[in-house]
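Colleague: Sharing a model that was predicted from the sequence below.
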Amino acid sequence: MKATSFTVSSLFGALRGALRPLQVSPSVELIFDRVDDMPELLTDEAKVAQILRNLISNALKFTEKGEVRVRAQYEGDSKLAIFSVRDTGIGIAPASGRSPAKCLTPLCLSQMRPSGTSRWSNTGDVGNLPSRL
């Protein structure tokens, strides 16, 4: 792990630019929530960006209309930065036998400083990326 100091606002700005080419449908909006109250993070920025890029690109790929929303919040008591990617996409069909909770475990990134008819049959995941950085 290569820890660097960075702001979530700058990370979101870089992701917004990098993922703009993947936003091919005008009926899908990519939204990054404001993160003005987040402290600087000291962790592996490249790994955090990789994880978020994978999640966001999958969300854009499987969302035909609506939105993909990226959020971050800071839990001061536990000193955790919590990132979430939500979309209005197809989801995971109950008939697939895979529950959404089992597809991806929540990714807690430590903050060290203060449907069967779909044309898609499977979704990707973040593989062996660490759940705690």
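Modeller: Thanks, I have the structure now.
Colleague: For the rest of this, base every contact and every neighbour count on C-alpha atoms.
Modeller: Will do.
Colleague: Could you list every helix and strand that the helix or strand harbouring Ala59 packs against?
Modeller: If you go by DSSP states H and E, Ala59 is part of helix 45-61. Judged by 3 or more CA pairs under 8 Å, 6 or more residues apart in numbering; DSSP states H and E, helix 45-61 is in contact with strand 4-6, helix 8-19, strand 66-75, strand 80-87.
Colleague: possible to save those as CSV with distance to Ser25 and mean neighbour count?
Modeller: Output for these, formatted as CSV (distance: least, CA to CA, whole Å; neighbours: other CA atoms under 10 Å):
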stretch, distance to Ser25, mean neighbour count
strand 4-6, 31, 13
helix 8-19, 13, 15
strand 66-75, 10, 18
strand 80-87, 14, 17
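Colleague: and the helix holding Ala59, which residues are buried?
Modeller: By 16 or more other CA atoms under 10 Å, the buried positions in helix 45-61 come out as 45, 47-48, 51-53, 55-61.
Colleague: Give me the angle between that helix and strand 66-75.
Modeller: 150 degrees (axes from the mean of the first three to the mean of the last three CA atoms, to 10 degrees).
Colleague: Okay, now the unreliable bits of this structure?
Modeller: The chain contains residues with pLDDT under 70 at 92-133.
Colleague: Repeat the analysis, applying 50 as the threshold.
Modeller: Within the chain, the stretches with pLDDT under 50 are 106-129.
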